[in-house]
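K.L.:
model the structure of this input:
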Amino acid sequence: MPFNRSNHSILGEIRPRFQLKIPMEPEKALAHVADKLYHDKTVSGERSDQLIFLKTPTWDRHYWSPEMTVRIEIEEYTDYTTVACLVGPRQAVWAMWAFIYTSILLVTVFGGIFGLVQYNEDGSSPWIWVIPIGIVLLSSAFIASKVGQRKGRDQMLHLVSFIYHSLNEVTEVDRLKRS
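P.N.:
From the prediction side, this is the model:
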């Protein structure tokens, strides 16, 4: 899902982001979205200074459910308010998958180097099998994360729709095209 990128890959984005612009004071926009959040039971979340964290309600949440961070502020040298949105997995899920990728990569690299050195010295090494096994495990982890991202797609689109329609009720909303 390319959202706002002109150079997106066919594999998609890990944490899609997009920006909106509105001709409204940030505090009023934040207050309106927070009020809509309070009244809409299909989205849960909380407000903090210039940020709003949107989540799927607990009754509809699963392991792959996304969260959205919305930052509303006036950027320097512009005459409009920018609404920057970042969609991604929950922090615990994000940290776990980062740990999985890092662990597999470290074992593959160091085990592979050890296996290659041992192979150069002795002519054979069982450690050399770490390289293809690591590649298969990395590919499997990537495919599993993409399947999970696809499972949370409808919830992500609902969060995007919520922020867009909440702001569109009170002011004109335009997409910012940035590369």
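
K.L.:
C-alpha only now, for contacts and for neighbours.
P.N.:
Will do.

K.L.:
report back the residue of the chain that's furthest from centre.
P.N.:
Taking Cα atoms, centre = their mean, the residue of the chain most remote from its mean C-alpha position is D122, at 46.3 Å.

K.L.:
any idea how far that one lies from F114?
P.N.:
12 Å (Cα to Cα, to the nearest Å).

K.L.:
got it, and A95?
P.N.:
The value you get for A95 to F114, if Cα to Cα is used, is 28 Å.

K.L.:
neighbour-wise, which of those two wins?
P.N.:
Per other Cα atoms under 10 Å, whichever of A95 and F114 has more neighbours is F114, with 16 against 11.

K.L.:
excluding chain neighbours, what is closest to the more buried one?
P.N.:
Setting aside the residues directly before and after it, F114 is nearest to W127 in space (Cα to Cα, 6 or more residues apart in numbering), at 6.9 Å.

K.L.:
show me what contacts the one you found?
P.N.:
Each residue near W127 by Cα atoms under 8 Å, 6 or more residues apart in numbering is listed here: 111-112, 114-116.
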